[in-house]
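Enquirer: I need the structure of the sequence given here:
(4 chains)
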Number of protein chains: 4
Amino acid sequence: MTITNGASDLPETMRVSVLTQPGQLGLEERPVPEPGPNEVLVAIRSVGVCGSDVHYFEHGRIADFVVRSPLVLGHETSGRIVAAGPGVDPGRLGSRVAIEPGTPCGHCTQCKAGRYNLCPDMRFFATPPVDGALAEYVLVRSDLAFDVPDQVSDDAAALLEPLSVGIWATAKAGITAGSTLLIAGAGPIGLVTTQVARARGATTIAVTDIAPHRLAAAERSGATLTLDAREEALADREFDAFIDCSGAPPAIAAGIRALAPAGRAVLVGMGPDNLTIPLGLLQARELTITGTFRYASTWPAAIALAAAGAVDLDALVTRRYGLAEVGDALTSTAREGTIKSVIEPWR
Amino acid sequence: MTITNGASDLPETMRVSVLTQPGQLGLEERPVPEPGPNEVLVAIRSVGVCGSDVHYFEHGRIADFVVRSPLVLGHETSGRIVAAGPGVDPGRLGSRVAIEPGTPCGHCTQCKAGRYNLCPDMRFFATPPVDGALAEYVLVRSDLAFDVPDQVSDDAAALLEPLSVGIWATAKAGITAGSTLLIAGAGPIGLVTTQVARARGATTIAVTDIAPHRLAAAERSGATLTLDAREEALADREFDAFIDCSGAPPAIAAGIRALAPAGRAVLVGMGPDNLTIPLGLLQARELTITGTFRYASTWPAAIALAAAGAVDLDALVTRRYGLAEVGDALTSTAREGTIKSVIEPWR
Amino acid sequence: MTITNGASDLPETMRVSVLTQPGQLGLEERPVPEPGPNEVLVAIRSVGVCGSDVHYFEHGRIADFVVRSPLVLGHETSGRIVAAGPGVDPGRLGSRVAIEPGTPCGHCTQCKAGRYNLCPDMRFFATPPVDGALAEYVLVRSDLAFDVPDQVSDDAAALLEPLSVGIWATAKAGITAGSTLLIAGAGPIGLVTTQVARARGATTIAVTDIAPHRLAAAERSGATLTLDAREEALADREFDAFIDCSGAPPAIAAGIRALAPAGRAVLVGMGPDNLTIPLGLLQARELTITGTFRYASTWPAAIALAAAGAVDLDALVTRRYGLAEVGDALTSTAREGTIKSVIEPWR
Amino acid sequence: MTITNGASDLPETMRVSVLTQPGQLGLEERPVPEPGPNEVLVAIRSVGVCGSDVHYFEHGRIADFVVRSPLVLGHETSGRIVAAGPGVDPGRLGSRVAIEPGTPCGHCTQCKAGRYNLCPDMRFFATPPVDGALAEYVLVRSDLAFDVPDQVSDDAAALLEPLSVGIWATAKAGITAGSTLLIAGAGPIGLVTTQVARARGATTIAVTDIAPHRLAAAERSGATLTLDAREEALADREFDAFIDCSGAPPAIAAGIRALAPAGRAVLVGMGPDNLTIPLGLLQARELTITGTFRYASTWPAAIALAAAGAVDLDALVTRRYGLAEVGDALTSTAREGTIKSVIEPWR
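Expert: Sure, this is the predicted structure:
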């Protein structure tokens, strides 16, 4: 039995933005889905545009994930619970929520080990063949819709998803009080990583990029030093950790070489299939290199950081769009000055 | 060959405050010592008064450490290098420094494992039979005198020692972005622990004490909630970690009971020899309980946090005293409103 | 649709041993259950008798878990898959399996963090109100029935459950190559802990107990030293870790005092609600004390260790019983010379 | 004041094998050195020949370490204490000892953090300009000469040095009970790594090499599977960890690709300056890659493992040589069938 909020008479259909083929989006009218056991229906308030959305839009694929049938994009999402399936506490109806966009199986070796981001049966929003959140309503498993307090805006609640990437990367990098950190790339992920690093107590946060407006954003996000990636400015510096958010091989190479003994490199940015690393240095300094794939168990901390004002996600939002303007939103990211575009499907 | 700063003609003798027997202090004139290999001579600027100084003053002993001959108190110390022994970079002369007050042997199993705070041959300032820093000059091994930047005042540089206790405790407690933490006791150690927890990204920091002025100081140090320890206000709360800075068994018991599953209790405050813990709860929630003994390798982070303004040590200083007023300083700590008294031997 | 092994025509009913009230057991005929989605039906081969079974039998409760209606005991279990529900690979039919007896929810904070043993919604065999395995058949979620190779006997496959307790405890204790370990209590858990410690490379394994036949079993399990717990034989020794499998406060106190600096105590044995620990020592040596509650993700390693011959579980089996002899099996554990009794419901 | 063993009248001079230029060795008569404070003089019993000795002999350099003046080779060493400097317990005279060949400073950041192997001021045997142990006597800091029990032979005591490399690598790789491990390269380091992995409880240890006699030695050392590195036999396997002891880029690439999600690669073998790694895989599986540089704090565990028979170092010794046969010993390593050559300077 589905429990619905008496106050809201749910419509029978909803508008959905659909990627029909590379570069081509359409607005469709689809039935509002009904929550199954332990599921909630969320009326979407805000959806952040991610680089992966843009990539699917432009190329129709990311690595082995190929768009074979129409796909709904969007996985950085917040909204309000408007219906709940069997097994869900009815008190949750009406709650403002941030959505964790991946549903792990819960039964495999990776899930049981607490590494559910590596679950081979993960169903992740906007990753073929699973639809995303560029719709008026989406279904999600109840435990993946996290209550957010009033201090966290709808946009900020959506941007807890990229924030989670930064939380995960800084955790892998061991960032803590007094850490010295180098970040390559000041796009949205580089910026949230900067914010989380500062919140964790890093006291040196150097950020490199080639775009002045992104370096300026990095400074506003807490970077203690910003550098043009094309210059050899790192020569004499040593860092406890390096987080790559650029995917650019020269930046990764420079970052690894700038690590102090026992330093850690965390590679977040998508880059080429293969990468050259300095083996002798890896050994002489006992460096550690790792990569990240999404995140696990980050929403509680993400919410707490946003609510406490330890990070400022609203500052990243450049412009808001309606569901009919998804194409504009997706192409906006290439525009000078854009940091994060947000779509409001309810408009 | 000792290198001295040409600018400063060092005197032959210096004033030293000496604890001759419990409750009795005297000012003595002693020769200024000469630095041996790898040692520096530091002209002391500021010495914080610690509870252990007060305890030696009042009782003449702490556990197995008994004051058998006159002892110089003081181990929270900053100053300026005025002479250097063989093997020290002459460029260090004139440097403003914070002093780590314990000299480990460097050769034992504990030292080699990076746990030099557990070195059985540690020589620690103001711990019988090793003299402390309530003097115009002290000798210290060069690597234990850390350069501090201009943003860190002389008092703050001295208080990096208690700050280190807070850094160590919060590290053991695993405090990081989004942690929820309960601290019992809002004396100087509780307050620096609060400051470091906030710097590490803890988003809930509840502090309990029985003195309103200390709870007020905890709020200024970043506590998100302060509670009267005598009331049962914790009943419904759960914390990731608990740090005891009170040494009071009822506070420790309440703190352990307030831990969430997999929670960590770190016991810093000196208390009775024996403590009762809830075994069934320890098992059912897989809690971890540990104690701390000083700290290891904390000064670099301490300096960085202070320089970055992530902690505010100057705010803890209640009043300053001269070397002739050590008795007053030591008894001041019991006075309402006193947080941290500081002695300036150069006055 | 349930898939059954064509070879085995499943009966409609099965025999079940039921605890009707403290001290009173009955054999009942119950319907053979049908597997739901992702479930398998296992024909039981071997069920080890655990101290908790004996405790429910004698007292009708363990802490807050009270037997209010008839309960089926038994949670150390192996068998063969004879039917499979929807979603299960049909190839699993006929597999010999070891059963992990707790079903976590997979959705809560603890589950997602990889600590599913702390899941508040855990359904655990033979823990009121969940029935156990003293029956001819039991249902279990498919991923909790682990294939075992031929080298692992039916009894050994059942005893992977207590082995898991030993794996978990030694992991928490950080046992590795060259570790020195003290174990208090040489009952079944102490013995498997000894075996796993040896398999992990511990080179000193001292075991204390008061029963000579248990100390003899400890020697056969790999103890390098056995000691009468009533004598003060530990005085001069220091251990990296201490694992309590006795629940006896004097043994726990002696074990904690025997820890080297930075030593870890892991308390596995059920004891009194409260325990007195030496606070001063905990701090001076920075000891860590933790408790364990079951285990998580241990079956793969348990199977591998048993298959490789790195542990010998068959050596622990003292005697086998049929389903009509459960009462005898439960009271056997108090008898001199008994280590582990096993029930074979298929007899 | 030097304490000497009354029983042994020390000679004034000793024989030393000296590398005068690449490919050229000479026997020199040099004064027996006198131990300074905290030093002991060790009469050498056994010195293992390492690949680095061979490399200095053939090329006169390793990376930035260049032999500019005559150098004494040898750093895998055991012997007997025959004299002791001030500060050393006289009871140590006559002790059989294994020598840790690197003397860290004890004062730098790396040393204090327990990573003394990364100490920039390390003085390491047989690394220019520091002489090694191919002499009748050597001096070493007292705490770096570890007592060994009678069960450990002179050769085995010397080979605790390569064993330490295996202990360090397996620790970095997280090898524990039930681990599955792939090792590339079955030279001496691959073999001791195999032995330690087995001692830590690894249940799958696959070893690849191209030489049948080395693969046979791997089997004797505990490999559960040996594979010809030139064949594509790893295709379907997944390992928790990979340790490279080959330095061969194709073997490293194959090993990294064979890692399970969250797998760890530890690169021990010296290889080319640069290495290509699969970035996409590193991210999709969150792999970790690290390198090792020597070891830290491994001798106690190494001694305990050898004494317990958990490893068998004597089995690695192929042939023994006198001090006049060092050239033969150094060239022997290239000969089919040679695993480890040992030099006995006392002959």
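
Enquirer: Count the neighbours of the closest residue to A:D209 other than its chain neighbours for me.
Expert: Distances taken as Cβ to Cβ, 6 or more residues apart in numbering or on different chains place A:A186 nearest to A:D209, at 4.0 Å, with adjacent residues excluded. Using the backbone N, CA and C atoms, a C-beta is placed for each residue, glycine as well. Applying other Cβ atoms under 10 Å in any protein chain shown, we find 30 other residues in the vicinity of A:A186.

Enquirer: For A:V317, see how far away A:A186 is.
Expert: 16 Å (Cβ to Cβ, to the nearest Å).

Enquirer: A:D273 now?
Expert: Distance of A:D273 to A:V317, given as Cβ to Cβ: 33 Å.

Enquirer: out of the two, which sits in the more crowded spot?
Expert: Legend: neighbour count by other Cβ under 10 Å for A:D273 and A:V317, higher for A:V317 (18 against 10).

Enquirer: give me the beta-bridge partners of the more buried one?
Expert: A:K340 (DSSP bridges).

Enquirer: Distance of it relative to chain D?
Expert: Distance of A:V317 to chain D, computed by Cβ to the nearest Cβ, to the nearest Å: 27 Å.

Enquirer: Where do the helices of the stretch 201-347 of chain A begin and end?
Expert: Under the criterion DSSP state H, counting those that start in this stretch, the stretch 201-347 of chain A contains helices at A:212-220, A:249-257, A:279-284, A:299-308, A:326-332.

Enquirer: so where do the helices sit in the stretch 1-150 of chain A?
Expert: Remark: helices assigned in the stretch 1-150 of chain A by DSSP H, counting those that start in this stretch are A:51-59, A:109-112.

Enquirer: Make TSV out of those helices and add mean neighbour count and distance to C:W346.
Expert: Below are those laid out as TSV (neighbours: other Cβ atoms under 10 Å in any protein chain shown; distance: least, Cβ to Cβ, whole Å):
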stretch	mean neighbour count	distance to C:W346
helix A:51-59	18	54
helix A:109-112	22	30
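
Enquirer: Chain B: which of those helices is closest?
Expert: Across the helices of the stretch 1-150 of chain A, chain B has its closest neighbour in helix A:109-112 (15.6 Å, Cβ to the nearest Cβ).

Enquirer: Alpha carbons only: can I get stretch A:325-336 in CSV?
Expert: Extracted in CSV, the C-alpha atoms of stretch A:325-336 (Å, rounded to 0.1, in the frame of the first residue of the first chain):
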residue,chain,number,x,y,z
GLU,A,325,16.2,24.1,-21.0
VAL,A,326,18.3,21.0,-20.3
GLY,A,327,20.2,21.4,-23.6
ASP,A,328,21.2,24.9,-22.7
ALA,A,329,22.2,23.7,-19.2
LEU,A,330,24.4,20.9,-20.6
THR,A,331,26.2,23.2,-23.1
SER,A,332,26.6,25.9,-20.4
THR,A,333,29.4,24.0,-18.7
ALA,A,334,31.8,24.8,-21.5
ARG,A,335,31.1,28.5,-21.2
GLU,A,336,33.7,30.8,-19.5
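
Enquirer: Okay, buried residues for it please.
Expert: Residues of stretch A:325-336 classed as buried: A:E325, A:V326, A:A329, A:L330, A:T331, A:S332, A:T333 (neighbour count, 16 or more other Cβ atoms under 10 Å in any protein chain shown).

Enquirer: cool, and stretch A:262-280?
Expert: Buried residues in stretch A:262-280, counted by 16+ other Cβ under 10 Å: A:262-271, A:275-280.

Enquirer: Identify those among those that sit within strands.
Expert: Judged by DSSP state E, the buried residues of stretch A:262-280 include A:A262, A:G263, A:R264, A:A265, A:V266, A:L267, A:L275, A:T276, A:I277, A:P278 as members of strands.

Enquirer: what's the nearest residue to A:G60 if we skip its chain neighbours?
Expert: In space, A:G60 is closest to A:P22, 3.9 Å off (Cβ to Cβ, 6+ apart).

Enquirer: Who are the contact partners of the residue in the stretch 51-200 of chain A positioned nearest to chain B?
Expert: Closest residue of the stretch 51-200 of chain A to chain B, Cβ to the nearest Cβ: A:G178 (2.7 Å). Residues near A:G178 by Cβ atoms under 8 Å, 6 or more residues apart in numbering or on different chains: A:G201, A:A202, A:T203, B:I167, B:P300, B:A301, B:A302, B:A304, B:L305.

Enquirer: how many other residues sit next to A:P37?
Expert: 10.

Enquirer: and it, what does it touch?
Expert: A:G85, A:P86, A:G87.

Enquirer: next one: A:T77
Expert: Contacts of A:T77 were listed using Cβ under 8 Å, 6+ apart, and they are A:42, A:44, A:46-48, A:98-99, A:101, A:125, A:132-133, A:138, A:158, A:161.

Enquirer: Those, buried ones only, as a PyMOL selection?
Expert: To isolate the buried members of those in PyMOL, using 16+ other Cβ under 10 Å:
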select buried, chain A and resi 42+44+46+47+48+98+99+101+125+132+133+138+158+161
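
Enquirer: Now do the residue in the stretch 51-200 of chain A positioned nearest to chain D against B:A157, distance only.
Expert: Here the stretch 51-200 of chain A gets closest to chain D at one residue, A:L118, 4.2 Å apart by Cβ to the nearest Cβ. When Cβ to Cβ is the yardstick, A:L118 and B:A157 sit 46 Å from each other.

Enquirer: Which one of these two is surrounded by more residues?
Expert: Between A:L118 and B:A157, counting by other Cβ under 10 Å, B:A157 is the more crowded of the two (28 against 21).

Enquirer: what's the spacing between that one and chain A?
Expert: 15 Å.

Enquirer: check which helix or strand covers that residue.
Expert: Per DSSP states H and E, B:A157 falls inside helix B:154-158.

Enquirer: Only the C-alpha atoms, please, for that helix, written as PDB.
Expert: What follows is helix B:154-158 as a C-alpha-only set of coordinates in PDB (Å, rounded to 0.1, in the frame of the first residue of the first chain):
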ATOM      1  CA  ASP B 154      55.000  33.800  22.000                       C
ATOM      2  CA  ASP B 155      52.200  32.700  24.300                       C
ATOM      3  CA  ALA B 156      50.600  30.700  21.500                       C
ATOM      4  CA  ALA B 157      53.900  29.100  20.700                       C
ATOM      5  CA  ALA B 158      54.200  27.900  24.300                       C
END
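
Enquirer: That helix: what's the following helix or strand?
Expert: Heading C-terminal from helix B:154-158 (DSSP H and E), you reach helix B:160-172.

Enquirer: now the residue of chain A most remote from its centre: how far from chain D?
Expert: Of all residues in chain A, A:A284 has its C-alpha farthest from the mean position, at 34.7 Å, by Cα atoms, centre = their mean. According to Cβ to the nearest Cβ, A:A284 stands 6 Å off from chain D.

Enquirer: nearest to D:L182, of the contacts of A:T77?
Expert: Ranked by distance to D:L182 (Cβ to Cβ), those are led by A:P101 at 34.6 Å.

Enquirer: I'd say that closest one and A:S78 touch.
Expert: No: the criterion here is Cβ atoms under 8 Å, and A:P101 misses it with A:S78 at 11.1 Å.

Enquirer: these two touch, right, the residue of the stretch 51-200 of chain A closest to chain D and A:Q110?
Expert: Yes: using Cβ under 8 Å, A:L118 is in contact with A:Q110, at 4.2 Å.

Enquirer: can you list residues touching both of these two?
Expert: By Cβ under 8 Å, 6+ apart, A:L118 and A:Q110 have these common neighbours: D:P261, D:A262.

Enquirer: Confirm for me that A:I189 is in contact with A:C245.
Expert: Yes: using Cβ under 8 Å, A:I189 is in contact with A:C245, at 4.4 Å.

Enquirer: which of these two has more neighbours?
Expert: The neighbour comparison of A:I189 against A:C245 (other Cβ under 10 Å) goes to A:C245, with 28 against 23.
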